[in-house]
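S.K.: dropping a prediction and its sequence here:
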Amino acid sequence: MEFHGDQKNLWSFKDEERKSIKLPRRLSFGSNQQSSSSEAPSIHFASAARPSTAVSEPSIDAIPPRPMSPGTPWTLSPVRTSSSQPLLYHCIASLHRHEGNIFSITLSKNFIFTGSESSRIHAWKQPDCTEIGYIKATSGQVRAILAYGRMLFTTHGDYKIRVWDASSAENFRPKKITTLPQRNRFSNLFSKKSSQQHTDHISCLAYNKEDKLLYTGSWDKSVKAWKINEKRCVDSFIAHEGHVNGIVINQEDGCVFTCSSDGSVKIWRRVFGESSHILTMTLKFQLSPVNALALSLSNSTTLLYSGSSDGLIKFWEKEKMSGRYNHGGFLQGHHFAVLCLVALGELIFSGSEDATIRVWRREEGNCLHSCLSVIEGHHGPVRCLAVSLETENVVRVKGLLVYSASLDQTFKVWRVKVFPTEKLNLDESTKDPQREILECETSPVLSPSWVEKKLQGNFFQ
């Protein structure tokens with residue numbers, strides 16, 4: 001393993017790609033370290049899936065420029081607020097990777113981490129996106145990463161997990177704590193792999209804070225539970241008939257949720273006083289592979305969301321008395337497979353093969369959802385997402401940072417501002433039928449290179 005710090009020019013902008021593609025009207029690119037007066041900043045007044053109001057574009061000249069963060073190739077664009085829209089967004093940074101696709105993003109208190117096809121784990125400073133270094137592993141691609149407290153968990157091409165101490169806030173000096181499973185010199189005399197080790201790619205991670213257990217899901221159809229302080233696997237079970245694609249944990253009751261390419265979502269509980277787990281419920285509503293899970297907790301309800309290859313986001317609500325999860329409905333809007341999900345309060349973010357990110361909001365006190373925005377900008381499937389709360393003021397206006405990585409090999413950062421429901425009382429006279437038709441007919445633009453890959457096979461995994 002090698003650590004590298006202060007590497008600032010590893011990423012470059014996708015200039016050739018943008019010249020060869022007819023870009024959608026809402027997409028714009030910044031220049032690296034330079035700003036041209038002929039290029040207006042990218043500010044988006046987001047419209048919902050079925051827009052009902054016309055929006056007049058603001059004058060960009062009236063917006064004061066925002067300086068770039070020193071020592072980084074990210075380009076920042078100015079912020080503009082408005083109370084007449086449910087959600088505003090703009091891309092503040094867009095970088096192109098030459099090292100391959102990013103498979104996972106995770107956030108800690110101070111850092112943004114990315115894992116990719118290369119053996120490098122990049123670290124960026126929050127929130128200004130200054131690159132502070134990277135870890136270079138020698139064990140192949142990094143498919144899943146998870147940050148919790150001072151610890152960073154990473155999975156590698158040798159089907160093992162590395163645990164790092166990434167607690168330093170001032171400079172990025174991670175120390176490897178351990179490798180799971182640990183090498184046993186006696187067992188290696190008889191077999192090449194430990195019986196505790198996964199036999200295929202580890203696709204997802206989750207951490208139980210109360211029990212201090214790390215859960216790993218793999219393409220070998222199994223789920224394993226690891227006791228970090230003991231550095232060993234305490235339970236292993238075959239969870240599905242297909243690849244395990246996602247895993248989340250309810251930190252309140254310890255329930256483990258898994259999803260798979262076999263089209264099912266399963267709920268597991270740890271046996272009291274033991275390390276083993278039992279299946280308590282199977283949620284299966286379709287034959288389509290389930291690619292992602294997200295859990296939304298509030299004082300009034302608990303909802304589980306699943307994203308599948310049919311483009312739907314299904315959700316289940318937990319009964320307070322019995323603890324059962326009842327199917328509550330589905331969110332429809334994506335044209336192709338849903339590949340990633342993030343839940344933050346009443347908001348749900350979904351990334352899709354259709355190259356878009358959708359932002360959904362659940363109404364307070366019920367399970368009704370509305371699509372606040374369709375965020376466009378990527379030219380390939382949105383593979384992974386991460387969201388952090390930047391600001392929230394007394395009038396409940398939320399400022400968010402959304403991090404997205406696509407199979408077009410770009411990594412983008414979006415600043416999103418969400419206004420409360422009561423701000424949506426707009427004059428019916430402002431409706432513009434022509435605008436409605438235009439918005440409904442707008443479709444994402446996939447890059448020719450991605451379409452060619454799509455025809456050759458499945459590139460979601």
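M.R.: It's in.

S.K.: what strand or helix carries residue 204?
M.R.: strand 202-208 (DSSP states H and E).

S.K.: which strands or helices does that strand pack on?
M.R.: Using 3 or more C-beta pairs under 8 Å, 6 or more residues apart in numbering; DSSP states H and E, the elements in contact with strand 202-208 are strand 145-148, strand 151-155, strand 213-218, strand 244-249. For glycine as for every other residue, the C-beta is placed from the backbone atoms N, C-alpha and C.

S.K.: direction included, what does the first one pair up with?
M.R.: Right, strand 145-148. Paired with strand 145-148 in the same sheet, following DSSP bridges, are strand 151-155 (antiparallel).

S.K.: flag the shaky bits of the stretch 251-400 of the chain, pLDDT-wise.
M.R.: Where the stretch 251-400 of the chain drops to pLDDT under 70, the residues are 285, 394.

S.K.: quick one, grab the pLDDT at residue 138.
M.R.: Residue 138 is assigned a pLDDT of 82 by the prediction.

S.K.: so it makes contact with residue 118?
M.R.: No: using C-beta atoms under 8 Å, residue 138 is not in contact with residue 118, being 11.5 Å away.

S.K.: for the residue nearest to residue 251 when sequence neighbours are not counted, the count of nearby residues, please.
M.R.: Nearest non-adjacent residue to residue 251, counting by C-beta to C-beta, 6 or more residues apart in numbering: residue 209, 5.6 Å away. Residue 209 has 11 neighbouring residues, counting by other C-beta atoms under 10 Å.

S.K.: excluding sequence neighbours, find me the nearest residue to residue 263.
M.R.: Nearest to residue 263 is residue 287, by C-beta to C-beta, 6+ apart, at 4.9 Å.

S.K.: before we move on, the earlier item: can you give me the angle the strand holding residue 204 makes with strand 151-155?
M.R.: 160 degrees (axes from the mean of the first three to the mean of the last three C-alpha atoms, to 10 degrees).

S.K.: residue ranges of the helices in the stretch 301-450 of the chain, please?
M.R.: 433-441, 448-456 (DSSP state H, counting those that start in this stretch).

S.K.: lowest-confidence stretch among the ones you listed?
M.R.: When I compare those, helix 433-441 is least confident, with a mean of 38.

S.K.: distance of residue 93 relative to residue 172?
M.R.: Separation of residue 93 from residue 172 (C-beta to C-beta, to the nearest Å) stands at 19 Å.

S.K.: got the contact list for residue 97?
M.R.: Contacts for residue 97 (C-beta atoms under 8 Å, 6 or more residues apart in numbering) come out as 11, 116, 409, 410, 411.

S.K.: those residues: which two are farthest apart?
M.R.: 116 and 410 (12.1 Å; C-beta to C-beta).

S.K.: buried subset of the contacts of residue 97?
M.R.: For the contacts of residue 97, a burial check counting by 16 or more other C-beta atoms under 10 Å picks out 11, 116, 409, 410, 411.

S.K.: hang on, isn't residue 325 packed against residue 306?
M.R.: No: with contacts counted by C-beta under 8 Å, residue 325 stays clear of residue 306, the gap being 10.8 Å.

S.K.: give me the common contacts of those two.
M.R.: The contact lists of residue 325 and residue 306 share residue 283, where a contact means C-beta under 8 Å, 6+ apart.

S.K.: higher neighbour count, the two?
M.R.: The residue with more neighbours, out of residue 325 and residue 306, is residue 306; 27 against 21, by other C-beta under 10 Å.

S.K.: against residue 286, how distant is the more buried one?
M.R.: Residue 306 is 10 Å from residue 286, by C-beta to C-beta.

S.K.: report the set of residues contacting both of the two.
M.R.: Common neighbours of residue 306 and residue 286 (C-beta under 8 Å, 6+ apart) are residue 314.

S.K.: show me which positions of stretch 120-131 end up buried.
M.R.: Buried-residue list, stretch 120-131, by 16+ other C-beta under 10 Å: 120, 121, 122, 123, 124, 125, 126, 128, 129, 130, 131.

S.K.: quick check: end-to-end length of it?
M.R.: Start to finish, the residues bounding stretch 120-131 are 13 Å apart (C-alpha to C-alpha, to the nearest Å).

S.K.: how about stretch 212-232?
M.R.: End to end - C-alpha to C-alpha - stretch 212-232 spans 12 Å.

S.K.: now it: buried residues?
M.R.: Buried-residue list, stretch 212-232, by 16+ other C-beta under 10 Å: 213-228.

S.K.: between those, which sits nearest residue 198?
M.R.: residue 218 (4.3 Å).

S.K.: that closest one is in contact with residue 205, isn't it?
M.R.: No: Residue 218 lies out of contact with residue 205 (C-beta under 8 Å); the separation is 10.5 Å.

S.K.: all good on my end, thank you.
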